[in-house]
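Chemist: Here is the input, now give the coordinates:
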Amino acid sequence: MPEVDGKLPKYYICRSLRQTTFRYRISGLRMAKKNRKIALSELQLAVMRVVWTRGETTIADVVSDLQRKRGLAHTTVATLLLRLENRGLLSKRREGRAYIYSALVSEAEVKRSMVSDLVASLFQGDSKELLAHLVRSEEVTPADLAKIKAKLKESDRE
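Modeler: Numbers count the residues shown, from 1 in each chain. Alright, predicted model coming up:
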């Protein structure tokens, strides 16, 4: 692999058998940034949850976990995993004939990003408005409020 000024490039170009140029991410060099925006569809979240639960997983593992609920084809899951990898959310390594995928972002990072996008778009960046909306719409019970207060006190101690 070529070095530029003593450093490996973030991307390198290789040619497939059809002579079409593809960009492949060099595993481990491009890690997900903490403050970047991560927006995932419901299906992408389901796939990521399988990866987070298992730690490392193959396409077949994801298919078997999601088969009961969604009935996804092997090729659909392979495409989803490839796209998540291309976005820098997953890494993969080859083990025999299978690829092993692992998460480069935590579930907490994805939740933080998606909730901050929700707050920014629906509540003009005011997270207190989101909480007020949840309380007003009776989606938060008094027991839930007590748990939230306990978590806030716990986070203040840290």
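Chemist: Show residues contacting stretch 120-134.
Modeler: 118-119, 140 (C-beta atoms under 8 Å, 6 or more residues apart in numbering). Every residue, glycine included, has its C-beta placed from N, CA and C.
Chemist: again with stretch 110-119
Modeler: For stretch 110-119, contacts defined as C-beta under 8 Å, 6+ apart pick out 36-40, 45, 48, 125-127, 129-130.
Chemist: Scan those and report the most crowded one.
Modeler: Most neighbours among the contacts of stretch 110-119, by other C-beta atoms under 10 Å: residue 48, with 22 neighbours.
Chemist: Can you tell me the element that residue falls in?
Modeler: Assigned by DSSP states H and E, residue 48 belongs to helix 42-54.
Chemist: Report the buried residues of that helix.
Modeler: Within helix 42-54, the residues scored as buried using 16 or more other C-beta atoms under 10 Å are 44, 46-52.
Chemist: could the residues you listed be laid out in TSV, adding pLDDT and distance to residue 134?
Modeler: Output for those, formatted as TSV (pLDDT from 0 to 100; distance: C-beta to C-beta, whole Å):
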residue	pLDDT	distance to residue 134
44	93	25
46	93	24
47	93	28
48	94	24
49	93	23
50	93	28
51	94	29
52	95	25
